[in-house]
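[1] Return a 3D structure for these sequence lines:
(one chain, ligands or ions: 3)
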Amino acid sequence: MVSTTCIVLGIPVQEGAGRLGCDMGPSAFRTAGLVTELRNLGYAVEDRGNIAPAPQREVRHPNGAIKALPETVAWTEAISEAAYQASGDGMPIFIGGDHSLSAGSMTGLARRAAKEGHEFFVLWLDSHPDFHTLETTTSGNLHGVPMAYATGLRGFEGFFPAVANPLKPENVCMIGIRSVDPAERSALATAGVTVHDMRAIDENGVAPLLDAFLKRVAAADGILHVSLDVDFLDPGIAPGVGTTVPGGATFREAHLIMEMLHDSGLVRSIDLVELNPFLDERGRTALLMVDLVSSLMGRRVLDRPTQSYRHTPKAH
Ligand SMILES: NC(=[NH2+])NCCC[C@H](N)C(=O)O
Ligand SMILES: [Mn+2]
Ligand SMILES: [Mn+2]
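    Ligands and ions are numbered 1, 2, ... in the order given. Sure thing, here's the model as predicted:
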């Protein structure tokens with residue numbers, strides 16, 4: 001796995017969030033030592049710098065609450081293309097930027113997976129499902145829509161770029177959910193997304209929930225994208241985000257997830273989103289996010305046998 005080249009892509013989009021500051025996220029991840037940490041783990045790292053949005057065109061939607069639609073569309077176009085390219089060259093790590101960036105990353109990665117004949121899966125670590133459509137959002141903040149868009153829900157046509165390879169809702173597993181708007185709740189149930197809220201974590205622990213999903217990814221010979229929103233974490237350990245929700249994942253739960261993901265060998269790409277350095281305290285949230293990436297990329301405390309998820313082909 002250490003022959004993998006990590007491709008760092010800075011995506012300073014902030015228009016999708018309700019407050020400014022996520023445009024400083026890529027700098028904060030770099031300042032917190034992301035590239036050095038990856039190199040110390042033995043990876044080749046190519047930092048492609050920050051990408052820019054595509055040219056803007058005029059788009060207007062009847063839902064007057066929507067903010068920054070032309071900007072978000074322009075970002076989505078550029079990010080999707082960059083994701084498609086980078087995933088052909090190595091393991092993309094998208095450093096945001098607000099969560100609207102995942103509209104681009106997931107669609108570009110899904111296109112790559114389809115081209116390579118792989119089933120595409122997403123692990124969504126967030127307090128929010130971000131499952132609004134352009135019709136249902138009431139805040140109008142477009143970081144609340146990327147999962148609905150990438151799974152091909154109706155209502156984005158003619159506004160956002162067409163989704164050629166929609167992500168199957170049954171290939172999505174959400175963990176950490178604790179803030180869901182009414183329209184999202186019914187849409188999630190209809191779509192058939194696996195949603196593990198904080199209660200599910202409290203009752204079961206993260207390990208069995210994630211284990212079941214990783215087994216499904218492996219059984220389908222799939223590839224896995226991980227989308228990590230800072231607000232997945234408890235605000236007590238990760239204050240640097242505009243949409244804190246109390247009662248989030250602990251330090252230990254988050255590291256356990258990262259270590260299990262590494263053991264699985266299934267992860268092909270990562271989004272690190274919603275870091276707002278303006279709201280952070282001396283970089284502690286940025287440092288914690290980098291620390292979690294290290295665990296996901298293979299830093300470990302002890303040598304221990306790892307659980308193998310890949311099926312060995314049956315001889316016949
Ligand atoms: N990526 C995020 N932080 N999303 C928060 C979304 C919150 C709320 N559901 C909204 O649509 O406004
Ligand atoms: Mn989110
Ligand atoms: Mn969130």
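
[2] give me the low-pLDDT residue ranges for the protein?
    By pLDDT under 70, the low-scoring segments of the chain are 1-2, 311-316.

[3] Close to ligand 2: what parts of it are there?
    The chain has residues 99, 126, 128, 130, 229 near ligand 2, with proximity defined as CB under 5 Å from the ion. Bear in mind the C-beta positions are built from the backbone N, C-alpha and C, glycine included.

[4] Wait, the fourth one touches Gly144, no?
    Yes. Asp130 is within contact range of Gly144, at 5.3 Å (criterion: CB atoms under 8 Å).

[5] Now do the shared contacts for those two.
    A shared contact of Asp130 and Gly144, defined by CB atoms under 8 Å, 6 or more residues apart in numbering, is any residue touching both; here these are His99.

[6] Highest neighbour count among the residues of the chain next to ligand 2?
    Ranked by neighbour count (other CB atoms under 10 Å), the residues of the chain next to ligand 2 have His99 at the top, with 31 neighbours.

[7] Assumed it was part of a helix.
    No. His99: not assigned to a helix; according to DSSP: H, G, I helix; E, B strand; the rest coil it is coil.

[8] I'd say it and Gln14 touch.
    No. The pair His99 and Gln14 fails to qualify as a contact (CB under 8 Å) at a distance of 10.9 Å.

[9] Quick one: the helices in the stretch 101-250 of the chain, in order.
    Along the stretch 101-250 of the chain, counting by DSSP state H, counting those that start in this stretch, helices occupy 101-115, 146-150, 182-191, 198-204, 206-219.

[10] Return the set of buried residues in the third one.
    By neighbour count with 16 or more other CB atoms under 10 Å, helix 182-191 contains the buried residues 183-184, 187-188, 191.

[11] Hmm, Ser127 and Ser179 touching each other?
    Yes. Look at Ser179 against Ser127 with CB under 8 Å: they come within range, at 5.1 Å.

[12] neighbour count winner among the two?
    Here Ser179 and Ser127 are set side by side on neighbour count (other CB under 10 Å), and the busier one is Ser127, at 28 against 17.

[13] Let me know the distance separating the more buried one from ligand 1.
    With distances defined as CB to the nearest ligand atom, to the nearest Å, the gap from Ser127 to ligand 1 amounts to 8 Å.
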